[in-house]
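In: For reference, the sequence and a predicted model appear below.
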Amino acid sequence: MPVHMTAAAVKRLQGGTNVPAKPRKRSPCHVGTPTGQTGPLCAVQSITFELPLPPTACSPNNHDVGRVAGIVAGKARAAYRSECLRLLPTTKRMFLKAVISCEWFLAPCTGRYHPRDEQNASASIKAACDAIVEAGYLFDDGAKYLHWGETTLRRAKESEGRACVVVTLRRETT
């Protein structure tokens, strides 16, 4: 028997009663198909977040092979997503379509990913994009709703001692 079944559902399956099933509550940002901007912050044109650098295991060039390496990378992505989600205030969906721009400040720090080029930098923060969606700022992070803008890498000399990713979501004008 699945763990998520209610007592009423178990009775229904056993033929004991005709109790109707309770509807499940869903997050307001994931109900139905989006038709337009909703929520109290829909007048905002852009918003900026400062997030930590992703762990090294989030690198798209992580060439460790095997099942154990895959499990470690998956756990690192999940931990980074949770870390980003804790830093983001939750809200109702702010943008239906948005452009994401990232500015990387790469001061030396251990255990964190320092990308060599912009494409790897964009790919490594997928878990942060998932956290932004889960926090309610976007409906989805698919190509229909989220487009990639500029990605800038600031190396140690120009990073001003900061080790973070500054993510800017800007409303896309269609």
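Out: Perfect, I can see it now.
In: in the chain, which segments are predicted with low confidence?
Out: For the chain, applying pLDDT under 70 flags the ranges 1-43, 63-68, 174.
In: where along it do the helices fall?
Out: 7-14, 67-87, 118-124, 126-135 (DSSP state H).
In: in the longest one, what counts as buried?
Out: By neighbour count on 16 or more other CB atoms under 10 Å, the buried set for helix 67-87 is 73, 76, 77, 80, 81, 83, 84, 85. To be clear about C-beta, it is placed using only N, CA and C from the backbone, and glycine gets the same treatment.
In: list the contacts for the residue most central in space within the chain?
Out: Among the residues of the chain, the one closest to the centroid is residue 130, at 1.8 Å (CA atoms, centre = their mean). Residue 130 is in contact with 81, 141, counting by CB atoms under 8 Å, 6 or more residues apart in numbering.
In: and what of residue 84?
Out: Going by CB under 8 Å, 6+ apart, residue 84 touches 51, 52, 127, 128, 131, 132.
In: how much space is there between it and residue 127?
Out: Using CB to CB, to the nearest Å, residue 84 is found at 7 Å from residue 127.
In: again, but for residue 166
Out: Counting by CB to CB, the gap from residue 166 to residue 127 is 17 Å.
In: Between those two, which is the more surrounded one?
Out: The neighbour comparison of residue 166 against residue 127 (other CB atoms under 10 Å) goes to residue 127, with 21 against 16.
In: Name the nearest of the contacts of residue 84 relative to residue 94.
Out: residue 132 (9.8 Å; CB to CB).
In: Am I right that the closest one is in contact with residue 167?
Out: Yes: counting by CB atoms under 8 Å, residue 132 touches residue 167, with 7.4 Å between them.
In: If you count surrounding residues, which of those two has more?
Out: Per other CB under 10 Å, whichever of residue 132 and residue 167 has more neighbours is residue 132, with 27 against 21.
In: Perfect, that will be all.
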